[in-house]
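> Starting from these lines, generate the structure:
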Amino acid sequence: MGRTTRICLLGIVAPLACDSDPRVPTVAVRDSAGIEIVDNLGMVWQPGEEWRLPAEPALEIGSVMGDPDYEFGSAHGPVRLHDGRIVVADMQADIMRFYDAEGRFLMSAGGSGEGPGEFTQLYRLRKISDDSLMALNPTSLTSIFTSAGEYVRRFQLDFVPGRGNLWWLGRLNDNTLVAFSLQREGTVELRVPSEPAPAGTEYARFDVPDRSPIYRDTLLYLLFDMEGALIDSFAKLPGQFMGSNRVLAPNAAYAFHEDAFLHSPGNVVEIRTFRSLVGRSQTGAPEVPREVMHLERIVRRVPPRDLAVTEAMKDAYVESQRVLYTRLVERTGRSLAEAKQLLRMTLQFPERIPEHGNRMWADALGNLWLQEYAFDPAEATRWSVFDVEGRWLGIVDMPAGFTVNEIGADYVLGIARDSLDVQYVRMYRLEKPRA
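Numbering: from 1, shown residues only. Next up is the predicted model:
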């Protein structure tokens, strides 16, 4: 039997009311076979209590031209260390740049190459325990550096038969890595034994099944240790829409906090919290498979806006695809208006836009930030904030052209692009009127 608890929360706008006071709306929390389900019927924050970012950043690193140590070719993944230093990955130069708390350049580490501490592509940067740094060279070659930028070691994820194209997404604090296989569901490997292969692997050809243009694939999620050894798989979760003409399609969002991995599918807010059990003792019959991740909570919420796709949305989307309709004009000789109309008929529009975007972060205090779906990438983005109990606090606006990469207790760090597409590392103070 499950249980249902109604928690009275002032300020949530919803039709459901507490039995004790019909004017006060609620959040419904219930237990379903050991899984806590939190249904948010509105937002907690009252007007004036919302968290916000000021108009100007507290820190900006970058330059249009001048000192090359402040010019970014393809900056991503900035992280802030405990002493205030900021480390930024530049995928164009394959280096990590270190700046002090005031934004002054200190040093760089890494570089292009195939040797220890070098990258053919510095694709992802993460801060791990003791301010160590974990950097990814696709698809899974991983290098570990100290907080001073000194190379320590590197490893690669184990080959998993039948599950190619493995990528890690992030690290949990029990020294495990969450990864997924991007190999399409139903793919069959056709072995080619005549071709030589590295030790422990086999080259193969693949028979990839045909799918409907509106088919959404599922991805297998796996857990590895920090030596790259496979521990086990733990879930199949919604992946990508495979049709090339499908637009406004949902993508999953994920985040990490301590020993928890969080995932939401995109079409709706349904944030699943998987808690790692790798570091905990488990008892039971020897023949019972070991559980490595436990689904402990699902958080839902009502949409904050109408999600219906309108004719105006379709027109606006087609208008934004200048490269596509210009190519149609050149290839077919049609007029611009005809090319736009042809493109509009070719694209597969859904009935609803996704309920959220593909970015989610846990801040330093354990609050969860989920980006609302952005129809126009040039506009300011909106982020829903959930507290550690899964309550939907409210929405925070982020500046236009700003990509969030880290959220602390009182700051937001990320990459901004100006009108000339010049990149800057910016840190904004996070103002919280309600203590």
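> Just to check, Gly149 is in contact with Tyr99?
No - assessed by Cβ atoms under 8 Å, Gly149 is found out of contact with Tyr99, at 11.9 Å. Every C-beta, even on glycine, is put in place using the N, C-alpha and C of the backbone.
> quick one: the strands in the stretch 51-200 of the chain?
Using DSSP state E, counting those that start in this stretch, the strands assigned to the stretch 51-200 of the chain run over residues 59-61, 75-80, 86-90, 95-99, 105-110, 124-127, 133-137, 141-145, 151-155, 166-172, 176-181, 188-191.
> which outside residues touch the first one?
Contacts to strand 59-61, defined as Cβ atoms under 8 Å, 6 or more residues apart in numbering, come from residues Tyr70, Ile86, Val88, Tyr99, Glu102, Gly103, Ala416, Tyr424, Val425, Arg426, Met427.
> List the contacts of the residue nearest to Tyr325 when sequence neighbours are not counted.
Leaving aside its chain neighbours, Tyr325 sits nearest to Ala339 (4.5 Å; criterion: Cβ to Cβ, 6 or more residues apart in numbering). By Cβ under 8 Å, 6+ apart, the residues touching Ala339 are Tyr325, Thr326, Leu328, Val329, Thr332.
> Tell me which helix or strand comes right after the helix or strand containing Ala339.
Using DSSP states H and E, Ala339 sits in helix 336-346. Downstream of helix 336-346, the next assigned helix or strand under DSSP H and E is strand 356-362.
> List the buried residues for that following strand?
His356, Gly357, Arg359, Met360, Trp361, Ala362 (16 or more other Cβ atoms under 10 Å).
> nearest to Leu177, of those?
Ala362 (16.6 Å; Cβ to Cβ).
> separation between the closest one and Phe274?
13 Å (Cβ to Cβ, to the nearest Å).
> Could you do Asp174 as well?
Applying Cβ to Cβ to Asp174 and Phe274 gives a distance of 13 Å.
> Those two: which is more packed in?
Taking neighbours as other Cβ atoms under 10 Å, Asp174 and Phe274 compare with Phe274 leading, 23 against 15.
> what stretches of the protein score poorly on pLDDT?
Residues of the chain that meet the criterion pLDDT under 70 lie in 1-26, 185-213, 242-243, 280-290, 377, 434-435.
> list the contacts for the residue at minimal distance from the centre of it?
Most central in the chain under Cα atoms, centre = their mean is Arg359, positioned 3.8 Å from the mean C-alpha point. Residues near Arg359 by Cβ under 8 Å, 6+ apart: Ala253, Leu370, Gln371, Thr403, Val404.
> how deep is the fourth one tucked in, by neighbour count?
Read it as Thr403. Thr403 has 18 neighbours, counted by other Cβ under 10 Å.
> so Arg305 is in which element?
Judged by DSSP H and E, Arg305 forms part of no helix or strand.
> Got the phi and psi for it?
Backbone torsions for Arg305, taken as degrees, to the nearest 10, come to phi -160, psi 170.
> Tally up the residues packed near it, please.
By the measure other Cβ under 10 Å, the count of residues near Arg305 is 10.
> if I look at it, how far off is Asn251?
Taken as Cβ to Cβ, the span from Arg305 to Asn251 is 19 Å.
> What is the burial count for Thr332?
11.
> Contact partners for it?
Counting by Cβ under 8 Å, 6+ apart, Thr332 touches Ala339, Leu342.
> Recalculate using a threshold of 6 Å.
With Cβ atoms under 6 Å, 6 or more residues apart in numbering as the criterion, no residue contacts Thr332.
> And Val323, which helix or strand is it part of?
Using DSSP H and E, Val323 falls within helix 322-332.
> mind checking how far that helix is from the chain centre?
Mean-position distance between helix 322-332 and its chain equals 32 Å (Cα atoms, centre = their mean, to the nearest Å).
> buried stuff in it?
Tyr325, Leu328, Val329.
> what's the angle from it to helix 336-346?
110 degrees (axes from the mean of the first three to the mean of the last three Cα atoms, to 10 degrees).
> Numbering from 47 from now on, please.
Sure, I'll start counting at 47 from here, so that last one is helix 368-378.
> Using CSV, write out the CA atom coordinates for helix 368-378.
C-alpha atoms of helix 368-378 as CSV (Å, rounded to 0.1, in the frame of the first residue of the first chain):
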residue,chain,number,x,y,z
ARG,A,368,18.0,30.7,-43.0
VAL,A,369,20.7,28.2,-44.1
LEU,A,370,18.0,25.6,-44.9
TYR,A,371,15.7,27.7,-47.0
THR,A,372,18.5,29.6,-48.7
ARG,A,373,19.9,26.2,-49.8
LEU,A,374,16.5,25.2,-51.2
VAL,A,375,16.4,28.4,-53.3
GLU,A,376,19.8,27.6,-54.7
ARG,A,377,19.1,24.0,-55.4
THR,A,378,15.5,24.2,-56.8
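> Closest to Gly159 out of the contacts of Ala385?
Taking Cβ to Cβ as the measure, Gly159 lies nearest Thr372 of these, at 39.0 Å.
> ok, back up a step: just the buried residues from the contacts of strand 105-107, in PyMOL please.
Command for PyMOL that selects the buried part of the contacts of strand 105-107, burial taken from 16+ other Cβ under 10 Å:
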select buried, resi 116+132+134+145+149+462+470+471+472+473
